[in-house]
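Engineer: I need the structure of the sequence given here:
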Amino acid sequence: MSAKKRTKSSKKPTKKEKHALSPIEKKLLDCCNDRQPVLLYGKDTYRREDLVKKIHSLNDGINREWVYEGNKSTKRIDGMREGLRQLRTDRLLGDIRRNKLYKDKDYEGSFNKYMLDCNDTPRTYKHVGPKTMGGQEVLYKLSCFEYKRIDSVGEFKPRLLEVGSHIWRNHPDRLLFRKQHERSDTKELLRYKGTLFIDKLKCTRGNSEDDECYQELAEKIESLREIPHSQRGWLVFYTRYRSTFPPEFIEQFEPEGLVSLDGEKTDSMPVVNTEKSKTKIAVVKKGTLRKGRGYKIPKDKFHGTLKNIYTYCKKEEKEKREKWPGTKMAIYAKKHLKTKYGNKYDTDLGESYLENLFSKIKKGELK
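Structural biologist: The predicted structure is shown next:
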């Protein structure tokens, strides 16, 4: 492989910049520094991709999927690409001229040689989405090799290929696939060296195929811990609903990497009483839990119950030798709280809210 270019490094965040970050940004920055995989979940109140990109940039990242690491000037390639792009405005002869340059003038061959020295690095960023993906599709994409190419319009067009598949063995460009695969350190997308944001995961409850695929993906994620820290990328996933995922998958992120995107609520925040008046404001008394339907339970009593539930779950985990991840605790807790408090318990409190409280109990942060 040709000598690699050093990419100019940007500044790390200062103490002042870190202090200005929100709690969720600080948590994600720590995960990024530690290369801790993250599962973002819940209703997105933060504009998730902007949030991930911000953390990536704070950790010396750039907004590119790969960078050229060869020892030759890129001016010629940049000029060829720009020439192809300009021909798009020629509606009559643009396609003919573009194809002639791409094939007859061997722009394609020059691009292919150039792409052999283009690689992902700890500073690069890639987004996988935006459509919703089930377990089978996510596992397939992350297990594929990403073949990098420049098309006849001068644009970067990567393609995910399954190594050893029919296309891999029989496609006219198969020699290019294999050569790029041989030269690359990233043999499958899951091992991307930069920040890899996998958006819109879905796991259908009761779907055995989804469960099996996410369990297999969990094993793959766990195997990444064997890679030296300096060579490991940062994985970030997002799902709207996390309670349907198998515990083996959730465990890969516990506890630091489970991050709720639901907007945080404060006990002293005023609530609009829509039943009586559209303009009337009801201020919640300090020491009680503010909830959607207006029911109130003393906070210390509610938190005490959750601590008892946590102790019970841990005891069950030890005696029966079965895992009780935060998701399972939250499902059990919702049933128990409804039985204990009846109509006083607000069923609008979702599982993600309870999971956050269990995480704080685990860390000793819940008073």
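
Engineer: and E49, what does it touch?
Structural biologist: E49 sits next to 127, 197, 199 when contact means Cβ atoms under 8 Å, 6 or more residues apart in numbering. Any C-beta I mention is one placed from the backbone N, CA and C, and that applies to glycine too.

Engineer: how about TSV for the residues you listed, with distance to W66, neighbour count and secondary structure added?
Structural biologist: As requested, the contacts of E49 are exported to TSV (distance: Cβ to Cβ, whole Å; neighbours: other Cβ atoms under 10 Å; DSSP: H, G, I helix; E, B strand; the rest coil):
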residue	distance to W66	neighbour count	secondary structure
H127	13	15	strand
F197	15	22	strand
D199	19	19	strand
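
Engineer: how's the chain carved up into domains?
Structural biologist: Split into domains by automatic domain parsing, the chain comes to 20-68+117-144+188-260, 284-363.

Engineer: most packed of those domains?
Structural biologist: Of all the domains of the chain, domain 20-68+117-144+188-260 carries the top mean neighbour count, a mean of 18, counting by mean count of other Cβ atoms under 10 Å.

Engineer: what are the ranges of the helices in this protein?
Structural biologist: 15-19, 23-34, 48-58, 75-86, 94-99, 107-115, 135-143, 166-170, 174-183, 208-223, 247-250, 299-320, 326-341, 351-363 (DSSP state H).

Engineer: for the second one, give the mean pLDDT please.
Structural biologist: Per-residue pLDDT values across helix 23-34 average out to 94.

Engineer: quick one: it to helix 48-58, angle?
Structural biologist: 50 degrees (axes from the mean of the first three to the mean of the last three Cα atoms, to 10 degrees).

Engineer: what's the offset of helix 23-34 from the middle of its chain?
Structural biologist: 13 Å (Cα atoms, centre = their mean, to the nearest Å).

Engineer: and the pLDDT for the residue nearest to H127 when sequence neighbours are not counted?
Structural biologist: Nearest non-adjacent residue to H127, counting by Cβ to Cβ, 6 or more residues apart in numbering: F197, 4.9 Å away. Confidence at F197, expressed as pLDDT, is 98.

Engineer: isn't F197 up against L189?
Structural biologist: No. F197 is beyond contact range of L189, at 11.9 Å (criterion: Cβ atoms under 8 Å).

Engineer: which residues are common contacts for the two?
Structural biologist: Common contacts of F197 and L189 (Cβ under 8 Å, 6+ apart): V128.

Engineer: straight-line length of stretch 247-262, end to end?
Structural biologist: Distance between the two ends of stretch 247-262: 21 Å, counting by Cα to Cα, to the nearest Å.

Engineer: make 50 the starting number, not 1.
Structural biologist: Right, with 50 as the first residue, what we last looked at is stretch 296-311.

Engineer: ok, D260 touching R254?
Structural biologist: No. Applying Cβ under 8 Å, one finds D260 not in contact with R254, separated by 9.4 Å.

Engineer: do you know how far D259 is from T293?
Structural biologist: Computed as Cβ to Cβ, to the nearest Å, the D259 to T293 distance reads 8 Å.

Engineer: name the residues contacting each of the two.
Structural biologist: Common neighbours of D259 and T293, using Cβ under 8 Å, 6+ apart, are 252-253.

Engineer: picking that back up, nearest to R281, of the helices of the chain?
Structural biologist: Checking these against R281 by Cβ to Cβ gives helix 72-83 as the closest, at 9.8 Å.

Engineer: not counting its own residues, what contacts the closest one?
Structural biologist: Contacts with helix 72-83, where a contact means Cβ under 8 Å, 6+ apart, come from 62, 67, 70, 85-87, 95, 100-101, 103-105, 107-108, 244, 283, 305-306, 308, 310, 313.

Engineer: what do you get for stretch 223-236?
Structural biologist: The contact list for stretch 223-236 (Cβ under 8 Å, 6+ apart) reads 50, 161, 164-165, 168-169, 194-198, 210, 212, 217, 220, 241-242.

Engineer: the same query, at a cut-off of 6 Å, please.
Structural biologist: If you take Cβ atoms under 6 Å, 6 or more residues apart in numbering as the criterion, stretch 223-236 is touched by 161, 165, 169, 194, 196, 210, 241.

Engineer: how about stretch 164-171?
Structural biologist: Applying Cβ under 6 Å, 6+ apart, the external contacts of stretch 164-171 come out as 51, 115-119, 197, 232, 235, 241-243.

Engineer: pLDDT weak spots in the chain?
Structural biologist: The chain contains residues with pLDDT under 70 at 50-66, 68, 312-345, 391-399, 416.

Engineer: one more time with 50, if that's ok
Structural biologist: By pLDDT under 50, the weakly predicted segments of the chain are 50-59, 313-337, 339-344.

Engineer: quick one on the thing from earlier: out of the helices of the chain, which gets nearest to S279?
Structural biologist: helix 72-83 (11.9 Å).

Engineer: out of the helices of the chain, which gets nearest to E204?
Structural biologist: helix 124-135 (7.6 Å).

Engineer: tell me the angle the closest one makes with helix 156-164.
Structural biologist: Orientation of helix 124-135 against helix 156-164 (the same axes, to 10 degrees) gives an angle of 130 degrees.

Engineer: got the contact list for helix 124-135?
Structural biologist: Applying Cβ under 6 Å, 6+ apart, the external contacts of helix 124-135 come out as 147, 156, 163, 202-203.

Engineer: repeat that for stretch 297-309.
Structural biologist: 80, 85-89, 91, 263-264, 267, 270, 374, 376, 401, 405, 408, 411.

Engineer: possible to save the domains of the chain as TSV with distance to R227?
Structural biologist: Output for these, formatted as TSV (distance: least, Cβ to Cβ, whole Å):
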stretch	distance to R227
domain 69-117+166-193+237-309	14
domain 333-412	41
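
Engineer: about what we covered before: tell me which two of the contacts of stretch 164-171 sit farthest apart.
Structural biologist: Farthest apart among the contacts of stretch 164-171 by Cβ to Cβ are S51 and Y241. That separation is 21.4 Å.
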